[in-house]
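**Student:** Pasting a predicted model and its sequence here:
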Amino acid sequence: MTTEATNIFAGLCARRTAAAAACALLALGWTGPARADFRLCNNTGGKVGIAIGYKDGNGWATEGWWNLPARTCETLLRGTLVARYYYIYAVDYDRGGEWSGQAYMCTRDKEFTIRGTEDCLARGYDRTGFFEVDTGEQQTWTVQLTDSNEQATRPGQGTPLMAVPPGRTPTPTGPQFPAGAPTR
């Protein structure tokens, strides 16, 4: 079990004193598989807002907002990744600017989960350009948002990552998204 998972598990167990002994035994004996997640790290000096887009068994979805303070990481999707391509949009709340791209999806100003990428404006949402993240079909992935003058560092051995400075869109290597979507 990872240190992060152990700390979370211990915190949950401590809140339930009647089950504390059982939790302790489970924590000592649990040897489950390593977590496989989609993470994003804010390696900038400012607070950023994050939205993610992805395709799952029910079609396209976008979710937001995660608010990440400077120099922190957050898990956006838990579990083994089920797709090769994911899409990110981020905005720097403190200094302005954004990380965006040409994959247009629906967002809104408040917390959201939106199904579908079509007719964003007609459905009362904003139409926002996300950048594509090609995970190469890895089971876990970390995206690092950086300032233009900073270098990203690998958070842990074996964790694939992609460093993205603001205002730059990574060159898409996969299919154009979404198929048949109108462009501005």
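**Tutor:** Received it, and whenever you're ready, just let me know what you need. Numbers count the residues shown, from 1 in each chain.
**Student:** For residue 142, which three-state class applies?
**Tutor:** Three-state assignment for residue 142 (DSSP: H, G, I helix; E, B strand; the rest coil): strand.
**Student:** wait, it sits on residue 43?
**Tutor:** No. Residue 142 is beyond contact range of residue 43, at 10.7 Å (criterion: C-beta atoms under 8 Å). Any C-beta I mention is one placed from the backbone N, CA and C, and that applies to glycine too.
**Student:** anything in contact with each of the two?
**Tutor:** Common contacts of residue 142 and residue 43 (C-beta atoms under 8 Å, 6 or more residues apart in numbering): none found.
**Student:** beta partners for residue 98?
**Tutor:** residue 91 (DSSP bridges).
**Student:** Local confidence estimate at it?
**Tutor:** Listed pLDDT for residue 98 reads 92.
**Student:** That one against residue 92, yeah?
**Tutor:** Yes. If you go by C-beta under 8 Å, residue 98 and residue 92 touch, sitting 6.9 Å apart.
**Student:** Pick out whichever of the two has more residues nearby.
**Tutor:** Taking other C-beta atoms under 10 Å, residue 98 and residue 92 do not tie; residue 92 has more neighbours (20 against 16).
**Student:** That one touches residue 44, doesn't it?
**Tutor:** Yes. Using C-beta under 8 Å, residue 92 makes contact with residue 44 at a distance of 6.6 Å.
**Student:** Low-confidence bits of the chain, can you list those?
**Tutor:** Residue ranges of the chain with pLDDT under 70: 1-35, 148-184.
**Student:** And the strands in it?
**Tutor:** 38-43, 48-56, 59-68, 72-77, 85-92, 98-99, 103-107, 112-115, 126-134, 141-146, 161-164 (DSSP state E).
**Student:** List the contacts of the second one.
**Tutor:** What that stands for is strand 48-56. Residues contacting strand 48-56 (C-beta under 8 Å, 6+ apart): 38, 40, 42, 60-68, 74, 76-77, 82-83, 85-93, 103, 105, 107, 112, 117, 128, 130, 145.
**Student:** Just the buried residues from these, in ChimeraX please.
**Tutor:** Listed next is the ChimeraX selection for buried residues among these, using 16 or more other C-beta atoms under 10 Å:
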select :38,40,42,60,61,62,63,64,65,66,68,76,77,85,86,87,88,89,90,91,92,103,105,107,112,117,128,130,145
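**Student:** now the spatially closest residue to residue 67 that is not a sequence neighbour: how far from residue 79?
**Tutor:** Closest residue to residue 67 apart from its sequence neighbours, by C-beta to C-beta, 6 or more residues apart in numbering: residue 49 at 5.6 Å. The gap separating residue 49 from residue 79 is 23 Å, by C-beta to C-beta, to the nearest Å.
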